[in-house]
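Engineer: Attaching a predicted model along with its sequence, questions to come.
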Amino acid sequence: MFDRLVEIFCDFDDFCKAVKMEWEAMLVTEENKPRRQSRHGPECGLCDSEIMTLLVLYHASRFTNFKTFYNGVVLVMLRPLFPDAPCYERFLTLTKRVWVLLAFFLAGRSGDKTGIYDIDSTPLPVCHNRRIAKHKVFKGLAERGKTSMGWFFGFKLHLVFNHMREIVAVKLTPGNVSDTAVVPQLTKDLIGKLFGDKGYIGKKLAEELLRRGLVLMTRVRANMKSLPVSFFDKALLNSRSIAETIIGHIKEFSSLRLPKHRSVFNAFTHITAAIIAYQINPLSPQPITVKLP
């Protein structure tokens, strides 16, 4: 990712300039222009595109501590490229202002609609279960949820991938939201075949998706009768574990560790930056193999 630093910055810079042009076009008169708010302290030497670049670069660097990355890499190794980079504490206060820009950028970088998709979710706990009663940072936002690994307190990240291993849709919900509840909204523009685990089994959901051209395919439980499927669909269903591999890759190498955060805005900013870091450099797709009997 470091070898593509200039390319990534140019993408963010072009995007920020386009957003600025659209925003200024909406301000038809001088009276409608927002007043400049007074700021405390000196002006920031970094533009929004530079802040976005550093956030995404961190989540692609495999560092697990942002302070170590910023003080050791940005302020030392990358100082010639970012000569006006502020101190670590000042940079943290600036990250919240690029959250919306990162979200819009991610929306414009969704993967291609190929007709073959995998869906899965992963928990993002914000604290240990023993500290739920004392937790204050995400109070009113995070909720208790349960997965196959047990109970947790936090959020759920729902992702849809195409067979090229690109992210097509993403949604963040409280931990108590079921996997099936977000499927209609996540897949509203998709047609083809959607492969999921047993957590997405539901006759009503399957019928709703089928009416608009999306076939939901899952493994069946032990007390259910399996339906006949083609060898190709069976191979796709068997290979859907790649969704878990991608999610594990994002969580491990992008350092999605919410318990470290003390700010809601900064936490959501880092989640968005981590997803963008993967979307810029996704895992390489593998050919689909079908084993004949």
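Structural biologist: Received the coordinates, thanks. This one's a predicted model, so the numbers in the text were calculated from it and none came from an experiment.
Engineer: out of all of them, which helix in the protein is the longest?
Structural biologist: helix 5-26 (DSSP state H).
Engineer: What mean pLDDT does it get?
Structural biologist: Mean pLDDT, helix 5-26: 88.
Engineer: For it, what is the distance to the chain centroid?
Structural biologist: 20 Å (C-alpha atoms, centre = their mean, to the nearest Å).
Engineer: So which bits of it are buried?
Structural biologist: 8-9, 11-13, 15-16 (16 or more other C-beta atoms under 10 Å). All C-beta spots, glycine's among them, are computed from the backbone N, C-alpha and C.
Engineer: how about the helices of the stretch 1-150 of the chain, start to end?
Structural biologist: 5-26, 48-59, 66-69, 88-95, 99-107 (DSSP state H, counting those that start in this stretch).
Engineer: so what does the second one touch, helix or strand wise?
Structural biologist: For helix 48-59, the packing partners by 3 or more C-beta pairs under 8 Å, 6 or more residues apart in numbering; DSSP states H and E come out as helix 5-26, helix 88-95, helix 99-107, helix 264-280.
Engineer: Would you mind giving those helices as JSON lines with distance to residue 210 added?
Structural biologist: JSON lines is the format used below for those (distance: least, C-beta to C-beta, whole Å):
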{"stretch": "helix 5-26", "distance to residue 210": "37"}
{"stretch": "helix 88-95", "distance to residue 210": "43"}
{"stretch": "helix 99-107", "distance to residue 210": "27"}
{"stretch": "helix 264-280", "distance to residue 210": "29"}
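Engineer: who wins for proximity to residue 123 among those helices?
Structural biologist: helix 264-280 (13.0 Å; C-beta to C-beta).
Engineer: Could you report the distance from residue 84 to residue 91?
Structural biologist: Taking C-beta to C-beta, to the nearest Å as the measure, residue 84 falls 11 Å from residue 91.
Engineer: so what sits against both of these two?
Structural biologist: Shared contacts of residue 84 and residue 91, defined by C-beta atoms under 8 Å, 6 or more residues apart in numbering, comprise residue 46.
Engineer: of these two, who's got more company?
Structural biologist: residue 91 (21 against 11; other C-beta atoms under 10 Å).
Engineer: hang on, isn't the more buried one packed against residue 71?
Structural biologist: No. Counting by C-beta atoms under 8 Å, residue 91 stays clear of residue 71, with 10.0 Å between them.
Engineer: Identify the single longest strand in this structure, thanks.
Structural biologist: When the chain is parsed with DSSP state E, its longest strand is strand 150-162.
Engineer: Show me what that strand is packed up against.
Structural biologist: Strand 150-162 packs on strand 116-125, strand 143-147, strand 167-174, helix 242-253, going by 3+ C-beta pairs under 8 Å, 6+ apart.
Engineer: make it 10 Å
Structural biologist: Under the contact definition 3 or more C-beta pairs under 10 Å, 6 or more residues apart in numbering; DSSP states H and E, strand 150-162 sits against strand 116-125, strand 143-147, strand 167-174, helix 183-186, strand 192-196, helix 242-253, helix 264-280.
Engineer: Kindly present these as a markdown table, with separate columns for mean pLDDT and distance to residue 157.
Structural biologist: Formatted as a markdown table, the helices and strands packed on strand 150-162 follow (pLDDT from 0 to 100; distance: least, C-beta to C-beta, whole Å):
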| stretch | mean pLDDT | distance to residue 157 |
| --- | --- | --- |
| strand 116-125 | 92 | 5 |
| strand 143-147 | 91 | 11 |
| strand 167-174 | 94 | 6 |
| helix 183-186 | 94 | 11 |
| strand 192-196 | 92 | 15 |
| helix 242-253 | 83 | 8 |
| helix 264-280 | 91 | 7 |
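Engineer: quick one: which of those is nearest residue 75?
Structural biologist: So among the helices and strands packed on strand 150-162, helix 264-280 is nearest, using C-beta to C-beta, at 18.7 Å.
Engineer: Just the buried positions in the closest one, please.
Structural biologist: Buried, per 16+ other C-beta under 10 Å, within helix 264-280: 264, 266-280.
Engineer: Tell me the one among those residues nearest to residue 115.
Structural biologist: Looking across those and measuring by C-beta to C-beta, the closest to residue 115 is residue 279, at 19.5 Å.
Engineer: That closest one against residue 102, yeah?
Structural biologist: No. Between residue 279 and residue 102 there is no contact under C-beta atoms under 10 Å: 11.2 Å.
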